[in-house]
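Colleague: can you look at this prediction? I've put the sequence above it.
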Amino acid sequence: MQIFGLDIGGSGIKGAPVDLDKGDLAQERHKVLTPHPATPDGVADGVREVVEHFGWTGPVGLTFPGVVTGGSTIRTAANVDKSWVDTDARALFSERLGGHPVTVVNDADAAGVAEMHFGAGRDRKGTVILLTFGTGIGSALFVDGALVPNTELGHLELHGHDAEKRASSKAREDEELTWEHWAHRVRKYLAHVEMLFSPELFIIGGGVSRKAQKFLPYIEGVKAEIVPAQLQNNAGIVGAAMHAADTAR
């Protein structure tokens, strides 16, 4: 079974048809840059461009980098334009895609669901936290495999700042930090999250998961197991498609 999955990020909008039996992309993904400012209309145009690239006409599952309530209403917009707040995202995207069935879910929650089903969290019980390091820090919290949605742990305060302002992948690039220096910031962040939630496992997602060997060896003093996401930066796309399929049942 194939469903289209699409992942909206602070820097890029990427998507592809997903093979839900394998938990992998059925075709090579297509990506466009997220517009700046990332307004609802601008992002919706980018979403349409990605979907039309494949000539897709069926259901589409989308992620959004913020809190999504009721399966549609955007409540936070830290890394996109603030005009997203209170937007009915499902209605917007469905209209822009010609009326196709659309579902919308928090981006890190989608990535986490995919990793728990197909990737690094498969068959893991207890408390598992996936953290996606990108433009910000997204989070997905699971207890015995069940998702606690919209946790937004990237906005925990750490040394007087939102943690994502100090430890996101964007912060590493903007400040031109070495991988080792950045890893020390990530370690402090993980230690703070561990103190609050005592997880058995941290899964590190986002684009940096492809380069785990460059920073994970420097992260010491955290009791929980730390592993890179197995689906890497495609986890959000796969999770979005999974959410669309579950909603259609």
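Modeller: Structure received.
Colleague: how is this protein divided into domains?
Modeller: Listed by automatic domain parsing, the domain ranges of the chain are 2-106+234-248, 120-230.
Colleague: what's the closest of those domains to Gly112?
Modeller: Gly112 lies closest, by C-beta to C-beta, to one member of the domains of the chain: domain 120-230, at 2.6 Å. Any C-beta I mention is one placed from the backbone N, CA and C, and that applies to glycine too.
Colleague: average model confidence for the closest one?
Modeller: Across domain 120-230, the average pLDDT comes to 96.
Colleague: wait, Lys188 touches His181, no?
Modeller: No - the criterion here is C-beta atoms under 8 Å, and Lys188 misses it with His181 at 11.7 Å.
Colleague: what secondary structure does Asn7 sit in?
Modeller: You called it Asn, but residue 7 is Asp. Assigned state for Asp7: strand (three-state reduction, DSSP: H, G, I helix; E, B strand; the rest coil).
Colleague: list the contacts of it.
Modeller: The neighbours of Asp7, taking C-beta atoms under 8 Å, 6 or more residues apart in numbering as the test, are 13-15, 62-63, 107, 110, 236-237, 240.
Colleague: quick check: Gly66 is in a strand.
Modeller: No - counting by three-state DSSP, Gly66 is not part of a strand but coil.
Colleague: for it, give its distance to Val105.
Modeller: Gly66 is 11 Å from Val105, where distance means C-beta to C-beta, to the nearest Å.
Colleague: picking up where we left off before, output the domains of the chain as CSV; include the columns distance to Ala114.
Modeller: Below are the domains of the chain laid out as CSV (distance: least, C-beta to C-beta, whole Å):
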stretch, distance to Ala114
domain 2-106+234-248, 4
domain 120-230, 9
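Colleague: circling back: more neighbours: which of Lys188 and His181?
Modeller: Higher neighbour count among Lys188 and His181: Lys188, with 18 against 13, using other C-beta atoms under 10 Å.
Colleague: so how far is His161 from the more buried one?
Modeller: Separation of Lys188 from His161 (C-beta to C-beta): 11 Å.
Colleague: buried set for the helix or strand that contains Asp45?
Modeller: Assigned by DSSP states H and E, Asp45 belongs to helix 40-53. Buried residues in helix 40-53, counted by 16 or more other C-beta atoms under 10 Å: 40, 43-44, 46-48, 50-51.
Colleague: how about residues contacting it?
Modeller: Here helix 40-53 has contacts from 4, 6, 8, 13-15, 30-35, 60, 62, 80-81, 83-84, 87, 89, 92-93, 96-97, 100, using C-beta under 8 Å, 6+ apart.
Colleague: what's the first helix or strand after the helix ranked longest in the chain?
Modeller: Within the chain, and with DSSP state H defining each element, the longest helix by residue count is helix 179-197. Downstream of helix 179-197, the next assigned helix or strand under DSSP H and E is strand 201-205.
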